[in-house]
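Undergrad: just to be clear, the model below is a prediction. Sequence and coordinates:
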Amino acid sequence: MAFTIRETMAGFQPIAVTDTVQNHALGTIVKGFDPTYGECEFIYLTGVASTVIGDVVSYNSTLGATVRWAGTANEGRPLAVAMSANVASQYGWYQIGGNAVVNTSGTLAAGNPVYWQATATLSATAVAGKQVLGAVAAGANGTPSTNKTVINIDRPHSQGAIT
């Protein structure tokens, strides 16, 4: 993925780069473009331990803090996809819109809704209270690579209380 930021201001931290220096206000949102995945949207946040590219995290937009989400049911939290191995005490971009390459497990096909299965990963196996709203599989698991799937996201969030 070779996303370039489309904003007119110079000096943006590149999308795939993690930095120990905070280069932007936490919660800054930008649009970017990739020749394969098209137009996408990103939010600038702090990292969390063990994060790898493609992990799904929940975040607090006020604090700019992320959590590698284990998919606790019925939380109703905003979600984003890590664009770098952005670990604790670092800053980086997380995707919140467009075609995202996400860490996945199990069988997925284009058009499947997605659900939490394990820490920071998604699959098509339905689990009550763990559906990711604002997200749908755009292709099959294994494309573009093993345990990765292109998921079309639009400001995704975890399912809230169902009862």
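TA: Sure, I can see it.

Undergrad: would you map the strands across this structure?
TA: Per DSSP state E, the chain carries strands over the ranges 4-5, 29-34, 38-46, 56-60, 65-68, 79-82, 91-103, 113-118, 121-123, 131-137, 148-158.

Undergrad: highest average neighbour count across those?
TA: strand 79-82 (a mean of 26; mean count of other C-beta atoms under 10 Å). For the C-beta atoms, the positions are set from N, CA and C on the backbone; glycine is no exception.

Undergrad: elements contacting that strand?
TA: strand 56-60, strand 91-103, strand 148-158 (3 or more C-beta pairs under 8 Å, 6 or more residues apart in numbering; DSSP states H and E).

Undergrad: the same query, at a cut-off of 10 Å, please.
TA: With contacts defined as 3 or more C-beta pairs under 10 Å, 6 or more residues apart in numbering; DSSP states H and E, strand 79-82 has these neighbours: strand 38-46, strand 56-60, strand 65-68, strand 91-103, strand 131-137, strand 148-158.

Undergrad: quick check: the gap between L45 and Y37.
TA: 20 Å (C-beta to C-beta, to the nearest Å).

Undergrad: so which of the helices and strands packed on strand 79-82 gets nearest M9?
TA: For M9, the closest of the helices and strands packed on strand 79-82 is strand 38-46, at 13.0 Å, according to C-beta to C-beta.

Undergrad: can you give me the angle the closest one makes with strand 29-34?
TA: Taking axes from the mean of the first three to the mean of the last three C-alpha atoms, to 10 degrees, one finds strand 38-46 and strand 29-34 inclined to each other by 140 degrees.

Undergrad: mean pLDDT and distance to S123 for the helices and strands packed on strand 79-82 - can I get that in a markdown table?
TA: Formatted as a markdown table, the entries for the helices and strands packed on strand 79-82 read as follows, by pLDDT from 0 to 100; distance: least, C-beta to C-beta, whole Å:
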| stretch | mean pLDDT | distance to S123 |
| --- | --- | --- |
| strand 38-46 | 96 | 22 |
| strand 56-60 | 93 | 11 |
| strand 65-68 | 89 | 16 |
| strand 91-103 | 97 | 10 |
| strand 131-137 | 96 | 9 |
| strand 148-158 | 96 | 9 |
